[in-house]
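> Fold the stuff below for me.
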Amino acid sequence: MVARSARPKAARNAADQALILTRLFDAPRKLVWKAWTEPERVMRWWGPEGFTSPVCKIELRVGGVFLACMRSPEGQDFWSTGVYREIVEPERIVYTDCFADENGNPVPASHYGMSGEWPAELLVTVTLEEYEGKTKLTLQHVGLPAGEMTELTGAGWSGSFDKLAESLVREELR
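Modelled structure (predicted):
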């Protein structure tokens, strides 16, 4: 049986302006990999607590595109898109991250009412390591504006990771 994973550890690395989160999941690395790479599994956990993910499309190959939607409890959709830059199964995924419209066209952060100096593109690196029979996930999100938006993004990822942990428990119990 899979137990609830430990809370994430977050650090702000000023040198490269990256948000870094580490989380230990009580699930096999292969299963955590699938949760990041199979659309129907991503839709189970993508987005902060209270959000749903009604759409996820993944072309899992270098140069392939993803498109995902997070829907707020109030019904507002937030779309994101990106391009996979590196895929090393089952240990590493690197992709760009952009705000988008429902067709996958990049839009500025202000389209969703986000404040701060957002670059057109961010970079996300997900590393999965086997650790004492569990999976250690390290996420690095580069390019976030400093301050409150980084904190909110970190909280959003933490909520997503809580949902991922719950999804992995359900998957293990099947």
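
> Show me where this protein dips below the pLDDT cut-off.
Residues of the chain meeting the criterion pLDDT under 70: 1-16, 173-174.

> Okay, now the sheet partners of the top strand by length along it, with direction.
Longest strand in the chain by number of residues, with DSSP state E as the criterion: strand 77-88. Sheet pairing for strand 77-88, assigned by DSSP bridges, gives strand 65-71 (antiparallel), strand 92-100 (antiparallel).

> Turn these into a markdown table, including mean neighbour count and distance to residue 45.
From N, CA and C alone the C-beta is placed, and that goes for glycine too. Conversion of these to a markdown table gives the following (neighbours: other CB atoms under 10 Å; distance: least, CB to CB, whole Å):
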| stretch | mean neighbour count | distance to residue 45 |
| --- | --- | --- |
| strand 65-71 | 20 | 11 |
| strand 92-100 | 20 | 15 |
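
> what about those, which gets the closest to residue 131?
Each of the strands paired with strand 77-88 has some distance to residue 131 by CB to CB; the shortest is strand 92-100, at 15.0 Å.
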